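Undergrad: build the 3D model from these lines:
(one chain, ligands or ions: 1)
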Amino acid sequence: MIELSNITKTFVSKKGKVEALKNVSLNVRKGEIFGVIGYSGAGKSTLIRCVNLLEEPTSGTVKVDGEELTSLSAKQLLDARRKIGMIFQGFNLLKTATVYENIAIPLKLTGVPKNEIKERVEKYLTIVGLMERKDAYPAQLSGGQKQRVAIARALAFEPSVLLSDEATSALDPDTTEAILELLLKINKELGITILLITHEMHVIQKICDRVAVMENGEVVEQGMTLDVFTAPQHYTTKKFVNSIFNHDVSEDIIDSLKDQGKIVSLKFIGNTSKEPALAYVSKKFEVFPNILSGHITHLKGQPFGSLLVHLNGEEPEVKKAIDYLLEEGVQVEGEVNYDVNSKRIPS
Ligand SMILES: Nc1ncnc2c1ncn2[C@@H]1O[C@H](COP(=O)(O)OP(=O)(O)OP(=O)(O)O)[C@@H](O)[C@H]1O
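TA: Just a heads-up that it's a prediction; the model follows:
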């Protein structure tokens, strides 16, 4: 549905050149929710803006719904953009227009007939749950309600693709959840393909079928959300995974324990979360597991747990215990390193 092939984007300013995108290729399939996650400056905004050519790539091609946007004339591009809705962190509503007008005016400007405008505005305001606020002005709405108006405005063009540029980043956690639920509903019920960018793991965890991790203008890892985050390969991906578990154990404790066995991080996926694999370790081997910290979350609806455990015992027994845990489908990571926040985490 969205095919980005070998996209590069170089900004040239007085300060010099910035390679914001370096040979990025992505393929977003019809009907899926695809998330791009990365820290500040990774190139996410530049990437999503290249999809509707708000930003023109320095090289590479952009195809949306089979049409190569990079080869269209200005007029053709305007038409093609109507199939690509976009929502933003800052909502971008007209302050002096009502909720109804915010949706109706852009339709009017593109020549949609009057009776159809009314039909569409009412249809999409109902879908986002804001019909009763149609005469309100943006200043009278909460952040979540403003984002709902922006979503209705995007949907009113009946796009096949919705781009979301950090749409929940300015919202509180409860409102974020509600907006993510709405995006899921739009994806399922209207069949709209969604490409979103975010720096928040829970956005990816909750709604994305597939994910790409960006760092320094490059996609460093991509695949099914569950696969990428349960077996992270790249340092940045590991940092994102560790950020959801936040094992906050003091260095003093780690230093005092590390000579009497091994400190490991165990990750449990799906049904293995429910199995007491760790309890068997102390029965089967001369190893005494001591849980230093633990957390269970969800990844695309599947339980995903992490325990920071001190496996106290002689090296051969600890090794056997680790092999046993691996056989049971538990991910085991050893070596304790510092992360950027100077908290010690297994890498
Ligand atoms: N118009 C521009 N001119 C010059 N450099 C730019 C421009 N836009 C982005 N950049 C640079 O390109 C790089 C990627 O920026 P981009 O905004 O795409 O990253 P991001 O991952 O979206 O981060 P953030 O969430 O902080 O916006 C950064 O180094 C940024 O300073």
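Undergrad: in the stretch 101-250 of the chain, what residue lies closest to the ligand?
TA: Nearest to the ligand in the stretch 101-250 of the chain, going by CB to the nearest ligand atom, is residue 199, at a distance of 6.0 Å. C-beta coordinates here come from the backbone N, C-alpha and C atoms, glycine included.
Undergrad: doesn't residue 41 make contact with that residue?
TA: No - using CB atoms under 8 Å, residue 199 is not in contact with residue 41; the gap is 10.2 Å.
Undergrad: compare these two (neighbour count), which wins?
TA: residue 199 (17 against 13; other CB atoms under 10 Å).
Undergrad: ok, now which ones touch the nearest residue to that one once chain neighbours are set aside?
TA: Counting by CB to CB, 6 or more residues apart in numbering, residue 39 is the residue found nearest to residue 199 once chain neighbours are left out, at 6.1 Å. Taking CB atoms under 8 Å, 6 or more residues apart in numbering, we find residue 39 in contact with 199, 215, 236.
Undergrad: what about residue 39, distance to residue 213?
TA: Per CB to CB, to the nearest Å, residue 39 is found 10 Å from residue 213.
Undergrad: joint contacts of the two?
TA: Counting by CB under 8 Å, 6+ apart, the residues touching both residue 39 and residue 213 are residue 236.
Undergrad: near the ligand, which residues of this protein show up?
TA: Selection of the chain residues close to the ligand by CB under 6 Å from any ligand atom yields 11, 13, 18, 20, 38, 40-46.
Undergrad: kindly give a single PyMOL line that selects the buried subset of these.
TA: Command for PyMOL, covering only those of these found buried under the criterion 16 or more other CB atoms under 10 Å:
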select buried, resi 20+38+42+43+44+45+46
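Undergrad: where is pLDDT lowest across the residues of the chain next to the ligand?
TA: Among the residues of the chain next to the ligand, residue 13 has the lowest pLDDT, at 85.
Undergrad: give me the phi and psi angles of that residue.
TA: As for residue 13, its main-chain torsions (degrees, to the nearest 10) stand at phi -130, psi -180.
Undergrad: kindly report the same for residue 93.
TA: With angles defined as degrees, to the nearest 10, residue 93 sits at phi -90, psi 160.
Undergrad: the nearest residue to it once chain neighbours are set aside: neighbour count?
TA: With CB to CB, 6+ apart as the criterion, residue 93 has its nearest non-adjacent residue at 4.5 Å, and that residue is residue 138. Neighbourhood size, residue 138 [other CB under 10 Å]: 18.
Undergrad: residue contacts, residue 138?
TA: Residue 138 touches 91, 93-95, 99, 102, 146, 149, counting by CB under 8 Å, 6+ apart.
Undergrad: going by distance to residue 127, which of those residues wins?
TA: Among the contacts of residue 138, residue 149 lies closest to residue 127 (CB to CB), at 11.9 Å.
Undergrad: how near is that closest one to residue 20?
TA: Counting by CB to CB, the gap from residue 149 to residue 20 is 30 Å.
Undergrad: for residue 172, same thing?
TA: Separation of residue 172 from residue 20 (CB to CB): 30 Å.
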